[in-house]
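> no FASTA, just this:
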C-alpha cells in the first residue's frame, strides 16, 4: 500500500512541477499573492497574468541558452 501511495505522490509531483520547478514556484507564489491582495481589499486581477508572462519569458530565455533550472539534476540520459 505504501508503494502505491508513493507512486501516486511521485506522479503528482512530477506532473505539477515537471522539468522546471521555477514555473511551479512562480505560479504558487502568484496565487498566494493574489489571495493576500484580495484579503487586503486590493485589486489582484493583474498578478497571475503578469507572473505567468514573466515565468514564460525566463523559461524560454533559459531554454534558448541551453540552460537547465538550478537546484535539481537532470534525470534524462
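That came in fine, so what should we check first? Since the model is a prediction, treat every value here as computed from it, not as a measurement.
> please count neighbours and contacts with C-alpha atoms only from this point.
Noted.
> who touches the helix or strand hosting residue 56?
When secondary structure is defined by DSSP states H and E, residue 56 falls within helix 47-65. Contacts of helix 47-65 with the rest of the structure, by C-alpha atoms under 8 Å, 6 or more residues apart in numbering, involve 20, 22-23, 26-27, 30-31, 33-34, 68.
> please check those residues and keep the buried ones.
Buried members of the contacts of helix 47-65, counted by 16 or more other C-alpha atoms under 10 Å: 22-23, 26-27, 30-31, 34.
> show me where the protein has its helices.
Assigned helices in the chain, in chain order: 2-17, 21-39, 47-65 (criterion: DSSP state H).
> please identify the deepest-packed of these.
helix 21-39 (a mean of 15; mean count of other C-alpha atoms under 10 Å).
> so what touches it?
16-17, 43-45, 47-48, 51-52, 55-56, 59, 69.
> quick one: which two of the residues you listed are the most distant?
Comparing every pair within those by C-alpha to C-alpha identifies 43 and 69 as the most remote, at 31.9 Å.
> compare those two (neighbour count), which wins?
Set side by side, residue 43 and residue 69 show more neighbours around residue 69, with 15 against 11, by other C-alpha atoms under 10 Å.
> thank you kindly, that will do.
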